[in-house]
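[1] Quick one, structure for this:
(one chain, ligands or ions: 1)
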Amino acid sequence: MASNWSTDEIQDLSGSTIVVTGANSGLGYEASKEFARKGGHVVMACRSIDRGENAAEEIREELPSASLSVHECDLADLDSIRSFAEEFSSTYSSLHILCNNAGVMAIPRSETEQGFETQFGVNHLGHFALTGLLLDSLIETGGGSIINVSSIWGIVGSDSSTAFNSSASRSFHDSFRPPKMRATRTGPISAATASNARRWLAITEVTPPRLRW
Ligand SMILES: NC(=O)c1ccc[n+]([C@@H]2O[C@H](COP(=O)([O-])OP(=O)(O)OC[C@H]3O[C@@H](n4cnc5c(N)ncnc54)[C@H](OP(=O)(O)O)[C@@H]3O)[C@@H](O)[C@H]2O)c1
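    Here you go, the predicted structure:
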């Protein structure tokens, strides 16, 4: 991305459906607002409906015509992710952009509902599961995009001693290309990517202990 890039360069998104995780604050909030400003319908996937509705209201104050809907999606719980995906698929017939944005960082040790370390579970596994569950919608829409919001630390993550490069997470990470991601916009999703994602989704749901360190 050019260093002088601005949101003015976002194309017209009229007719597009866009899912943003962690849409109620920070980058997710700003991304939701800009997607809405360009005419897209933004599905704000938040772990708290109240915080999501408050954020949607703030966006509507600035952009009265914004098309927004708030849905519950707790990325620390695979059941919540599945419920969100089912609700999405039964409500919307297309998905043009999936913006995997929500994240936590350097939090005290805790575990997700299914027993994964929370930061890895929310930032990576949760989004991986969500992506796998929404892949059919993206593929059927044709030319759908996935935006994975990550960190500049991904650039320096080549040291084999880092947790991110443990064998489990590296394999997981490799299944989403390119291997070093920051804010990565994928091209049209290939069948191979879809197949990898489904395989990993099955692994994360069936054998959580294999992914623990
Ligand atoms: N800002 C930076 O400098 C920076 C640097 C590197 C990477 N990043 C990455 O950029 C992304 C956005 O960061 P930010 O600075 O905008 O963070 P933020 O303001 O703290 O927002 C994080 C969002 O994620 C949501 N979230 C947390 N846990 C969740 C869960 N279990 N399920 C669903 N949503 C959850 C939060 O919801 P609640 O409001 O309910 O907590 C919040 O909406 C993150 O992935 C972060 O790792 C940011």
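
[2] Please enumerate the helices of this structure.
    For the chain, the helices defined by DSSP state H cover 26-37, 49-62, 78-91, 118-120, 127-141, 167-174, 191-206.

[3] Helix 49-62 and the first one, what's the angle between them?
    Translated: helix 26-37. With axes from the mean of the first three to the mean of the last three C-alpha atoms, to 10 degrees as the basis, helix 26-37 and helix 49-62 are set at 50 degrees to each other.

[4] OK, contacts around Ile97?
    Ile97 sits next to Leu13, Ser16, Thr17, Ile18, Val19, Phe35, Gly40, Gly144, Ser145, Ile146, Ile147 when contact means C-beta atoms under 8 Å, 6 or more residues apart in numbering. C-beta here means a position set from N, CA and C on the backbone, and glycine is covered the same way.

[5] Let me know the closest of those to the ligand.
    Of all those, Ile147 has the smallest distance to the ligand: 10.8 Å, by C-beta to the nearest ligand atom.

[6] Near the ligand, which residues of this protein are found?
    With the criterion set to C-beta under 6 Å from any ligand atom, the chain comes near the ligand through 21-22, 24-28, 47-48, 51, 73-76, 101-105, 122-123, 149, 151.

[7] just the buried members of these?
    21-22, 24, 27-28, 47, 51, 73-76, 101-103, 122-123, 149 (16 or more other C-beta atoms under 10 Å).

[8] Could you list which of the residues you listed belong to strands?
    Using DSSP state E, the members of these that fall in strands are Thr21.

[9] Among the helices of the chain, which comes closest to Trp5?
    helix 26-37 (12.0 Å; C-beta to C-beta).

[10] looking just at contacts, which helices and strands does that closest one meet?
    Counting contacts by 3 or more C-beta pairs under 8 Å, 6 or more residues apart in numbering; DSSP states H and E, helix 26-37 is packed against strand 17-21, strand 41-46, helix 49-62, strand 67-72, strand 97-100.

[11] List the buried residues for stretch 9-24?
    Leu13, Ser16, Thr17, Ile18, Val19, Val20, Thr21, Gly22, Ala23, Asn24.
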